[in-house]
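J.: Based on what follows, work out the 3D shape:
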Amino acid sequence: MEVLLQQIINGLVLGSMYALIALGYTMVYGIIQLINFAHGEVLMVGALTAWSVIGMMQAAMPGAPGWVILILAMLIACVVAAALNFSIEKIAYRPLRNSPRLAPLITAIGMSILLQTLAMIIWKPNYKPFPTLLPSAPFNVGGAYITPTQIMILSVTAVSLALLMYLVHYTKIGRAMRATAENPRVAGLMGVKPDVVISATFIIGAVLAAIAGVMYASNYGTAQHTMGFLPGLKAFTAAVFGGIGNLGGAVLGGLLLGLIEAIGSGYIGTLTGGLLGSHYTDIFAFIVLIIVLTLRPSGLLGERVADRA
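T.: Residues are numbered from 1 along each chain as shown. Sure thing, here's the model as predicted:
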């Protein structure tokens, strides 16, 4: 029972990070029908920026509390990631907006490889130990353990999701985003500027990815130039799993994927009689994707049908 509870806690932590990344994919897809495959690299840039900033801050302010450094590093990482994603959209995707669907997709994959290479040049290809800034003593919850870092991940995710839902449903830019998603031409006639809305969507997605990147690095204690690829791919799986273009679907898909992976990794050895170890967890994500797409091609909550503003 303790094992199950422990894996559920681990699954929720992992799933909440997937959910944050999946929201970036889903929002962009909902508005311009583009799968932004460079999204995982935005996460990686956020994490490595935070790593650099933390190193500088620890040297400059040796007595500062860990949580202050972490929050400041996260804010700077968000700004850098937002600027990066804004530039990617302006330089790489905007000129291709009316071109065949394949062109932006290939550009996105190219952008992903370019960003990985640039990060390797700037930060060097070695693994970087991510400093532990929060207390490491875990809390005991019914026989399972949860660390302060994991509590921070769950609470930051909950706050980010609440703010995003408020932004999309109750603000002017949120209404403009929903209108553009429904019908860009009519929204344009109503005075909504599609370019502004699309840039805002990329910026919001980047902020969520940077937060997820810093949390990912804090949770696993390491950061590196290829770290964004697999979480990005799994978050994309989560977005498709929940229904691409559907915000609630992205969150549900992310959490479910995290839980399936964590619970699967806890029991995979027992189920296969020791044939497969817990390092085979990645297969769960993609087996689930194949099953869901076979049974429900539009995902669990269905593809986006834009909310009536």
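J.: show me where the stretch 201-309 of the chain has strands.
T.: 222-223 (DSSP state E, counting those that start in this stretch).
J.: Where does pLDDT dip in it?
T.: Residue ranges of the stretch 201-309 of the chain with pLDDT under 70: 303-309.
J.: what residues are up against residue 227?
T.: Shown in contact with residue 227 (CB atoms under 8 Å, 6 or more residues apart in numbering): 43-44, 47, 213, 216-217. Every residue, glycine included, has its C-beta placed from N, CA and C.
J.: ok, now residue 263?
T.: Listed by CB under 8 Å, 6+ apart, the contact set of residue 263 reads 4, 7-8, 11.
J.: And the contacts of stretch 1-11?
T.: With contacts defined as CB under 8 Å, 6+ apart, stretch 1-11 is touched by 141-146, 150, 255, 258-263, 265-267.
J.: SS state for residue 140?
T.: strand (DSSP: H, G, I helix; E, B strand; the rest coil).
J.: got a pLDDT number for residue 9?
T.: On pLDDT, residue 9 comes in at 94.
J.: what about it, neighbour count?
T.: 20 (other CB atoms under 10 Å).
J.: Would you check how far apart it and residue 150 are?
T.: 7 Å (CB to CB, to the nearest Å).
J.: Kindly report the same for residue 25.
T.: Using CB to CB, residue 25 is found at 24 Å from residue 150.
J.: Residue 88 too?
T.: Using CB to CB, residue 88 is found at 31 Å from residue 150.
J.: before we move on, what SS does residue 192 have?
T.: coil.
J.: my guess is it meets residue 176, correct?
T.: Yes - in this structure residue 192 lies within contact range of residue 176 using CB atoms under 8 Å: 4.6 Å.
J.: what about residue 183, how many neighbours?
T.: Look at residue 183: counted by other CB under 10 Å, it has 12 neighbours.
J.: what does residue 76 give?
T.: Residue 76 has 20 nearby residues by other CB under 10 Å.
J.: I'd like to check which residues are in contact with the nearest residue to it once chain neighbours are set aside.
T.: Distance criterion CB to CB, 6 or more residues apart in numbering; nearest residue to residue 76, sequence neighbours excluded, is residue 53 at 5.0 Å. Contact analysis of residue 53 by CB under 8 Å, 6+ apart lists 72-73, 76-77.
J.: What about those, which one has the most neighbours?
T.: Of these, with other CB under 10 Å as the count, residue 77 tops at 29 neighbours.
J.: Okay, it and residue 231: tell me how far apart.
T.: 15 Å.
J.: In helices, which of the contacts of residue 227 appear?
T.: Among the contacts of residue 227, the members falling in helices (DSSP state H) are 43-44, 47, 213, 216-217.
J.: From those, pick the one nearest residue 93.
T.: Lowest distance from residue 93 to those (CB to CB) belongs to residue 43, with 17.9 Å.
J.: Hmm, the closest one is touching residue 213, no?
T.: Yes - if you go by CB under 8 Å, residue 43 and residue 213 touch, sitting 3.8 Å apart.
J.: quick one: common contacting residues for the two?
T.: Common neighbours of residue 43 and residue 213 (CB under 8 Å, 6+ apart) are 81, 227-228.
J.: just those now: which is nearest residue 35?
T.: Nearest to residue 35 among these, counting by CB to CB, is residue 228 at 15.1 Å.
J.: what's the distance between the residue nearest to residue 251 when sequence neighbours are not counted and residue 128?
T.: Once flanking residues are discounted, residue 251 sits nearest to residue 19: 4.6 Å by CB to CB, 6+ apart. Residue 19 sits 25 Å away from residue 128, going by CB to CB.
J.: From the neighbour counts alone, determine which of the two ranks first.
T.: Using other CB under 10 Å, the more surrounded residue of residue 19 and residue 128 is residue 19, with 30 against 19.
J.: picking up where we left off before, now tabulate the ones in helices among the contacts of residue 227 in JSON lines and tack on distance to residue 118.
T.: As requested, those are arranged in JSON lines below (distance: CB to CB, whole Å):
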{"residue": "43", "distance to residue 118": "15"}
{"residue": "44", "distance to residue 118": "11"}
{"residue": "47", "distance to residue 118": "15"}
{"residue": "213", "distance to residue 118": "16"}
{"residue": "216", "distance to residue 118": "20"}
{"residue": "217", "distance to residue 118": "18"}
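J.: need those residues in JSON lines with distance to residue 114 and neighbour count, can you?
T.: Formatted as JSON lines, these follow (distance: CB to CB, whole Å; neighbours: other CB atoms under 10 Å):
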{"residue": "43", "distance to residue 114": "16", "neighbour count": "32"}
{"residue": "44", "distance to residue 114": "12", "neighbour count": "29"}
{"residue": "47", "distance to residue 114": "18", "neighbour count": "32"}
{"residue": "213", "distance to residue 114": "18", "neighbour count": "33"}
{"residue": "216", "distance to residue 114": "21", "neighbour count": "26"}
{"residue": "217", "distance to residue 114": "22", "neighbour count": "26"}
